[in-house]
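# model this:
(3 chains)
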Amino acid sequence: MKGLEEIIAEHPFFEGLEPGYLTLVAGCAQMAAYRAGEYLMTYGAEAEHFFLLRHGRVALELSAPARDAFRFQTVDAGEVVGWSWLIPPHKSQFDARAVEDTSVIKFDGKCLRGKCDADPKLGYDLMKRFTRVMVQRFADTRLQLIDVYGKQGR
Amino acid sequence: MEKALILTLAADRLDQLFHELQGRGYECVGPTLRDDAIVYDHIESSADLPRGWTDEQAPGHYRVKRRDDDAYFGYVVGPHSWKKYLFPPERRLWQLKRAGQKFDRTDTPAEPPRYAFIGVRACEIAALKIQDRVFTGGQFTEPKYAAAREQAFVVAVNCTQAASTCFCVSMKTGPEAQDGYDLSLTEVLTPEHSFVIRVGSDHGREVLAALQTAAATPAHEQAARAGIENASQQARKLETAGLKELLQRNFESEQWDDIAKRCLSCANCTMACPTCFCSSVEDTTDLTGEHAERWQRWDSCFNPDFSYIHGGEVRKTTASRYRQWMTHKLSTWFDQFGSSGCVGCGRCISWCPVGIDLTEEARKMRESEGTCHEGS
Amino acid sequence: MESKAAEMTTAEPLLPEPWIVREVIREMADVVTFVLEPGEGAAAMAFKPGQFNMLYAFGVGEVPISISGDPADVSRLVHTIRDVGLVTHALCAVQPGDVVGVRGPFGSHWPIEQHTGCDIVVAAGGIGLAPLRPVLYHILNHRDQYDDVVLLYGARKPDELLFPGEYDAWRKAGIQVEVTVDNADAAWDGRVGVVTTLIRYGKFESDEATAFICGPDVMMRFTAQELENKGVAPDKLYISMERNMKCAIGFCGHCQLGPEFICLDGAVFVWPRMKRLMLVKEL
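Numbers count the residues shown, from 1 in each chain, chains lettered A, B, ... in the order given. Model prediction:
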């Protein structure tokens, strides 16, 4: 069996993380698994975790009454779900639901925030990793917004 | 080397040229006065020429005036150009009838017209050569253009005066026709009213042989030279060095917006231009749906739907349309056809209702860059 | 001379040839694929992947449409058309036995034959998969000539995916097929996200890859840029441009983009030739 630290080190999200920090973040992590259809987090709830996907697929969704959940993004193995833990008010801004059976490394946000506050260099490293994901998701969202395949748009 | 044969034809024998050409099956077309402009139309004889008339041109300005002599060709170019004969403004391309699993063509392809163009200016010969490259110089050949062009007999007339809008000297296309003609005429009023004639082809030589000509004297040649020299005095200039690169560097210049404040997007410049070749087609059918036709018409990059693709027009603004026209004419034409698309005839300047002058706009574009790009 | 001139006026380059509709496949609400065979006076047509024909709806008009069939099968002509205007609407309404006018084939092609031994990335958006399907067919016919082959395909919604019935066959033939949609409901268990997000899942070596990209202008720009960022050589990226076309033979002037005639020089272009031009607004 691989140790948790080793598994975290192999995940693309933490590629190149200093070994010392690896031990620090591993201290806030645990393995977890979700069956297809189960929620990793729900809109409006306290966002106390983020997830690195090892296997499976997670959909990011918004629900509205009397209509199906609107699925605007899926996340696959090797990617990350959740950044609300990092930024106040630490509320989840969407539902994250396993599309298929999914295994993750689950991180405790409060635990990590404490370590980041204590060591701003770790905090800055993590912030850069998450900002990169956020910027990419915003860019993707803009592309979705202009509806490139619609009849009006090119 | 045989010295080029130079002859003269007395002005009162000009009709011999018409008769000879008509006898050889040509329809003569050339300048004639109509609606206060000198236009190109069917002409029967020298009597149809605008004898004793001239034109006065400036940006957004064209007037015909009486001359104080009886010159036949004492003016420059008007709103028309010869392209209307080789590439008509509107024509039916075909008629089809749907017949089971085939289309029956129900129109009879016309015999190519046989025109004699009388009074083709040097800049217009350059324009003909440019359209030749467009319609016959590439991967595909436009057969109707090619056939009409092949048949055409070109009587060039060298300019002996220039309008204020002329800049053929800058474009190296005039005022004297160097080649591309069957016969070239230079009208002189001294030592007597006559035409100094050069031969440009075997056809031209045959036609000329039938006319009552005389050998040109030094006085004739001197008068012809003086006339052409007079036409070479042109105040309007277009600096062509680096112009191709200049415009392609400046797709995003603010100057296009400045032009757009004046430009009406009326398409006059493209209609008057002797090299503009854009066209559109319209497909129609009768009420039974069994007979269809395709019509081709001159189109213009200034028309809103010219750049239509599903979803809308690519060029929505006047700025983008003027940029397309001027950049195509003076710059991307080189990429496409190996030459400028402009011959310096000045039509787009005279016939622009608001007097936009592309030589002036090119100059301003150059100045907007300062000197740091010079020669690049 | 006379006879040559007369012959030249007879040949009419804008005259369509009659082809018979043999089969009509409704791909989705507004997209139709039809199979044509030569009618009387029309000859079978060889074409290269990425080339287009001018399709004529009798009496209505003519539009440029890419060929979406197998280049190895010259007995039939396959086109996939989206109903976006008057002419495409008429073409989408054809029935077996109807006659459609055809001129072509025109334009440049995806240089698939020139990139044997390479990894091939085929990136398509929406109906942009249709002009690329001949590339996939060519690869299927010559699978051993190419190394890793990846199809990255994005569409708007799950029910707007084109040719969904063929993905499994392509996978079985050794093509990695990755599909995403811009949005979906919970019934869709595939990927959701823009097509560029698929690039990270593609199993190909950037420095050995050639990519063929077709879709809406914006999609091609972002995909080409993303592939370039990932290390694919810019001159191994190809895109297919769309502009207004009336003649397809360089005479009508409508399809110009800067110095290019899309009909003659394109519609397939190498990316560096288009990169700057595509960024100029309203060019």
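# Can you give me the neighbour number for B:F195?
Residues contacting B:F195 under the criterion other CB atoms under 10 Å in any protein chain shown number 28. Glycine gets a C-beta too; all of them are placed from N, C-alpha and C.
# who touches it in this structure?
B:T8, B:L9, B:A11, B:L14, B:L185, B:T186, B:E187, B:V188 (CB atoms under 8 Å, 6 or more residues apart in numbering or on different chains).
# and the lowest-mean-pLDDT helix or strand in chain A with chain C, contact?
Across the helices and strands of chain A, the lowest-confidence element by mean pLDDT, DSSP states H and E is strand A:67-76, at a mean of 90. Yes. Using CB under 8 Å from any CB of the partner chain, strand A:67-76 reaches chain C at A:D68, A:A69, A:F70, A:R71, A:F72, A:Q73, A:T74, A:D76.
# From B:E221, how far off is the closest residue to B:A216 other than its chain neighbours?
Leaving aside its sequence neighbours, B:A216 sits nearest to B:I6 (CB to CB, 6 or more residues apart in numbering or on different chains; 4.3 Å). Separation of B:I6 from B:E221 (CB to CB, to the nearest Å): 7 Å.
# Look up the pLDDT of B:S376 for me, please.
With respect to pLDDT, B:S376 scores 43.
# Also A:G153?
At A:G153, pLDDT is 37.
# which neighbours do B:I6 and B:E221 share?
Listed as contacting both B:I6 and B:E221 by CB under 8 Å, 6+ apart are B:V196.
# thinking again about what came up before, now secondary structure and neighbour count too, for the contacts of B:F195, in TSV please.
Formatted as TSV, those follow (DSSP: H, G, I helix; E, B strand; the rest coil; neighbours: other CB atoms under 10 Å in any protein chain shown):
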residue	secondary structure	neighbour count
B:T8	strand	23
B:L9	strand	21
B:A11	helix	18
B:L14	helix	22
B:L185	strand	26
B:T186	strand	28
B:E187	strand	22
B:V188	strand	25
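# nearest to chain C, of those?
B:L185 (25.3 Å; CB to the nearest CB).
# how far is the longest strand along chain B from where the chain is centred?
Criterion DSSP state E: the longest strand present in chain B is strand B:90-99. Computed by CA atoms, centre = their mean, to the nearest Å, the chain-centroid distance of strand B:90-99 equals 29 Å.
# returning to what we had before: pull out the buried residues from the least confident helix or strand of chain A.
By 16 or more other CB atoms under 10 Å in any protein chain shown, the buried positions in strand A:67-76 come out as A:A69, A:F70, A:R71, A:F72, A:Q73, A:T74, A:V75, A:D76.
# Give me the next element, helix or strand, following that strand.
Using DSSP states H and E, the next helix or strand after strand A:67-76 towards the C-terminus is strand A:80-81.
# Could you look up the next helix or strand downstream of that next one?
As assigned by DSSP H and E, the chain's next helix or strand after strand A:80-81 is strand A:95-98.
# follow-up on the earlier one: so can I have TSV of the residues of strand A:67-76 next to chain C showing distance to chain B?
Below are the residues of strand A:67-76 next to chain C laid out as TSV (distance: CB to the nearest CB, whole Å):
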residue	distance to chain B
A:D68	29
A:A69	30
A:F70	25
A:R71	26
A:F72	24
A:Q73	26
A:T74	28
A:D76	32
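# mind checking the backbone torsions on residue 40?
Looking at chain A here, since you left the chain open. Per-residue torsions, A:L40: phi -80, psi -40 (degrees, to the nearest 10).
# To what extent is it buried, counted in neighbours?
Other residues lying near A:L40 total 24 when counted by other CB under 10 Å.
# That one is in contact with A:L53, isn't it?
No. Here A:L40 does not reach A:L53: they are 9.5 Å apart, not a contact under CB atoms under 8 Å.
# How about stretch A:139-151, which residues are buried there?
By neighbour count with 16+ other CB under 10 Å, stretch A:139-151 contains the buried residues A:D140, A:L143, A:Q144, A:V148, A:Y149.
# for stretch C:166-176, that is, sorry about that
So, applying 16+ other CB under 10 Å, buried residues of stretch C:166-176: C:Y167, C:W170, C:I175, C:Q176.
# Pull up the pairing partners for the longest strand anywhere in chain C, direction included.
Taking DSSP E as the criterion, chain C has its longest strand at strand C:17-28. Sheet pairing of strand C:17-28 (DSSP bridges) gives strand C:31-38 (antiparallel), strand C:99-106 (antiparallel).
# In JSON lines: these, plus mean pLDDT and mean neighbour count.
Shown next, in JSON lines, are the strands paired with strand C:17-28 (pLDDT from 0 to 100; neighbours: other CB atoms under 10 Å in any protein chain shown):
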{"stretch": "strand C:31-38", "mean pLDDT": "97", "mean neighbour count": "20"}
{"stretch": "strand C:99-106", "mean pLDDT": "96", "mean neighbour count": "22"}
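# Tell me which of these sits nearest to C:P272.
Closest to C:P272 of the strands paired with strand C:17-28, according to CB to CB: strand C:99-106, at 23.1 Å.
# and the angle for that closest one with strand B:90-99?
If you take axes from the mean of the first three to the mean of the last three CA atoms, to 10 degrees, strand C:99-106 sits at 130 degrees to strand B:90-99.
# Other residues contacting strand C:99-106?
For strand C:99-106, using CB under 8 Å, 6+ apart, the contacting residues are B:98, B:101-103, C:13-21, C:34, C:36, C:39, C:42, C:45-48, C:51-58, C:62, C:64, C:67, C:77, C:91, C:94, C:248-249, C:263-264.
# Selecting buried members of these in ChimeraX, what would you type?
Burial among these is assessed by 16+ other CB under 10 Å; the matching ChimeraX selection reads:
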select /B:98,101,102,103 /C:14,15,16,17,18,19,20,21,34,36,39,42,45,47,48,51,52,53,54,55,56,57,58,62,64,67,77,91,94,248,249,263,264
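# so what's the residue of the stretch 51-200 of chain C found nearest chain B up against?
For the stretch 51-200 of chain C, the residue closest to chain B is C:G59, as judged by CB to the nearest CB, at 2.6 Å. Contact analysis of C:G59 by CB under 8 Å, 6+ apart lists B:D283, B:T284, B:T285, B:G289, B:H291, B:A292.
# So which of those is the closest to C:F163?
C:F163 has its nearest neighbour among the contacts of C:G59 in B:D283, at 30.4 Å by CB to CB.
# okay, now the closest one: neighbour count?
Burial of B:D283 is recorded as 21 neighbouring residues (other CB under 10 Å).
# Look up phi and psi at it.
phi -100, psi 130.
# Verify the stated contact: it with B:A292.
Yes. Judged on CB under 8 Å, B:D283 makes contact with B:A292 at a distance of 6.4 Å.
# Just the ones in helices from the buried residues of stretch A:139-151, please.
Judged by DSSP state H, the buried residues of stretch A:139-151 include A:D140, A:L143, A:Q144 as members of helices.
# confidence score at the second one?
Just to be clear, that refers to A:L143. Here the pLDDT value assigned to A:L143 is 90.
# returning to what we had before: I'd like to know which of the strands paired with strand C:17-28 is closest to B:Q212.
Minimum separation from B:Q212 across the strands paired with strand C:17-28 (CB to CB) falls at strand C:99-106, 53.1 Å.
# Compute the number of surrounding residues for C:M219.
Using other CB under 10 Å as the criterion, the residues surrounding C:M219 number 26.
# residue contacts, residue 58?
No chain was given, so I picked chain A. Listed by CB under 8 Å, 6+ apart, the contact partners of A:V58 are A:Y34, A:L40, A:F51, A:T74, A:V75, A:V81, A:A96, A:R97, A:A98, A:V99, A:T102.
# try again with chain C
Counting by CB under 8 Å, 6+ apart, the residues that C:F58 touches are B:L96, B:R98, B:T285, B:G289, B:A292, C:V99, C:V100, C:G101.
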